[in-house]
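Enquirer: pasting the sequence and the predicted coordinates here, then a few questions.
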Amino acid sequence: MRPPWAVEEGLFVDRCDRCGDCVDACQAQIIVVGSGGFPEIDFSRGGCTFCEDCLRACEPRALEAKDPPWRLKAEILTSCLSLNAVVCRSCGEACDEEAIRFKLETGGIARPEVDAGQCTGCGECYGVCPVKAVRVM
C-alpha cells in the first residue's frame, strides 16, 4: 500500500527515487521502507492524519496533490469480536470521522457498519483491533 497522494503504480515506481524523504517526514511514522526500498504504509503503527508532510517532502513527484488522497476504505471481517457476540467497539472509538457505527441486533450482537462515504481510509481502526478484523483496501 503506497503513501497517500501516490500517483498510479507504474508512474510511482518510475518517479520514486527511494530517497526516504516521505518516510522521514511522516509525523505518524506509518510510512516505512518496504519492498524494493519503496515507501509503503504500515497501519499497524497507527493511522494517517493527512498532514501532507509526505506530499511536500516528495521532490520527484511520486506523490501529487489530489482529492481524495487515496481511495482506501475500511472493511470489517467476520472474525470481528462484536460480530461474534463479544463486546468490542475499538474500531468505532478510534474513528474520528465516525464512519464506523454499531447497529444493535437481536441476540446482543452489535454489528459494525462502515459508512464508505465518511471513511477516509486513514487506517486508525486497523491497529486498535485486538483480533485484526479490520482490512483497509
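Expert: Right, received. Where do you want to start?

Enquirer: all contacts plus neighbour counts: C-alpha atoms, from now on.
Expert: Noted.

Enquirer: could you break this structure into its assigned domains?
Expert: Domains of the chain are assigned by automatic domain parsing as 9-57, 74-136.

Enquirer: export those domains to JSON lines and tack on mean pLDDT and distance to R2?
Expert: Formatted as JSON lines, the domains of the chain follow (pLDDT from 0 to 100; distance: least, Cα to Cα, whole Å):
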{"stretch": "domain 9-57", "mean pLDDT": "98", "distance to R2": "5"}
{"stretch": "domain 74-136", "mean pLDDT": "96", "distance to R2": "12"}
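
Enquirer: in TSV, list those along with mean neighbour count and distance to A65.
Expert: Formatted as TSV, the domains of the chain follow (neighbours: other Cα atoms under 10 Å; distance: least, Cα to Cα, whole Å):
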stretch	mean neighbour count	distance to A65
domain 9-57	17	7
domain 74-136	17	16
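
Enquirer: and those domains as TSV, adding distance to K66?
Expert: Listed next are the domains of the chain as TSV, based on distance: least, Cα to Cα, whole Å:
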stretch	distance to K66
domain 9-57	10
domain 74-136	14
